[in-house]
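In: Predicted structure and sequence below. I'll ask about it afterward.
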Amino acid sequence: MRVAFSLILLAIVGVGVVLSLSSIPFGSPPMDAGKYYIDSGRTDTGATNIVTSVVVGYRAFDTLGEVTVLFVAAIGLGAILTTGKKNESKKKEELEPASLVLSTGCRFLFPLILLFGAYVFIHGHLTPGGGFQGGAVIASAFLMVYLGCRKKRIRKSWARGTESISGLVFVVTGLTGLAVAGHYFLSNFLPEGTLNSLFSAGIIPIIYIAIGLKVGSELTGVIDNLIEESE
């Protein structure tokens, strides 16, 4: 049964590839999508960062899929580690204290790393960076806390709440664009503002803030699960 299902799935994929290739006009010059993004990206989206205009503008729906993949991966890892946990009644060994460098860094550098991560995704439409990069920086701040202040843990309810609310903001923003602009999911319905200013690029800063918080909370949850498992 599994072999038959695999062959059927492979046949469907093969038909899709053949149909896709047959629709490409090999005799005519291909469309230069990259040139269009470079020439029209700022005008269409209001974002100075061309990469941002592509990732959160032209293919924002694909970015939603990437965030969903990360969300599913975090849930899967949590489920695997939960089912494989050892008996909770077993007494845990006392953790070895962290070095002076790590313990000092977790107290003084933690807020600075959080601030830098927030800066990265808030200014993603102006400078290199964005939601995924800023979220990874935020998760690294919590990793430093786990390594330097080993008895501290995040509140799982806080992390899950932040993750859920940020994902909901992403989806609601997309549906609002569909309802108000009436074109497609994640259509821009806000003024594009002045180029190179913080309040510009329409809904892109909102999407990047939501992505940054969601990615940061998801990666922090993954780190928390792995730290607990290693203990």
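Out: Perfect, thanks for sending it.
In: Helices of this structure, start to end?
Out: 2-22, 33-45, 50-53, 60-83, 100-108, 110-122, 131-148, 156-180, 204-230 (DSSP state H).
In: can you list those in a markdown table and add mean neighbour count, mean pLDDT and distance to residue 186?
Out: Bear in mind the C-beta positions are built from the backbone N, C-alpha and C, glycine included. As requested, the helices of the chain are exported to a markdown table (neighbours: other C-beta atoms under 10 Å; pLDDT from 0 to 100; distance: least, C-beta to C-beta, whole Å):
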| stretch | mean neighbour count | mean pLDDT | distance to residue 186 |
| --- | --- | --- | --- |
| helix 2-22 | 9 | 71 | 24 |
| helix 33-45 | 14 | 84 | 11 |
| helix 50-53 | 20 | 86 | 13 |
| helix 60-83 | 14 | 81 | 4 |
| helix 100-108 | 14 | 83 | 38 |
| helix 110-122 | 18 | 93 | 17 |
| helix 131-148 | 22 | 90 | 14 |
| helix 156-180 | 16 | 87 | 4 |
| helix 204-230 | 22 | 86 | 7 |
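In: Can I get these in TSV including distance to residue 198?
Out: TSV is the format used below for these (distance: least, C-beta to C-beta, whole Å):
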stretch	distance to residue 198
helix 2-22	41
helix 33-45	15
helix 50-53	14
helix 60-83	20
helix 100-108	28
helix 110-122	8
helix 131-148	15
helix 156-180	18
helix 204-230	8
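In: which one of those helices lies closest to residue 196?
Out: Nearest to residue 196, of all those, is helix 33-45, at 9.5 Å by C-beta to C-beta.
In: other SSEs contacting the closest one?
Out: Other helices and strands packing on helix 33-45, by 3 or more C-beta pairs under 8 Å, 6 or more residues apart in numbering; DSSP states H and E, are helix 50-53.
In: Show me what the helix it packs on packs onto, helices and strands only.
Out: Identification of packing neighbours for helix 50-53 by 3+ C-beta pairs under 8 Å, 6+ apart yields helix 33-45, helix 204-230.
In: Can you list the neighbours in contact with the first one?
Out: Pointing back at helix 33-45 there. With contacts defined as C-beta atoms under 8 Å, 6 or more residues apart in numbering, helix 33-45 is touched by 47-48, 50, 52-54, 57-58, 188, 192, 195, 201-202, 204.
In: For these, pick the one with the most neighbours.
Out: residue 201 (30 neighbours; other C-beta atoms under 10 Å).
In: and it, what is it in contact with?
Out: Residue 201 makes contact with 45-48, 52-53, 125, 192-193, according to C-beta under 8 Å, 6+ apart.
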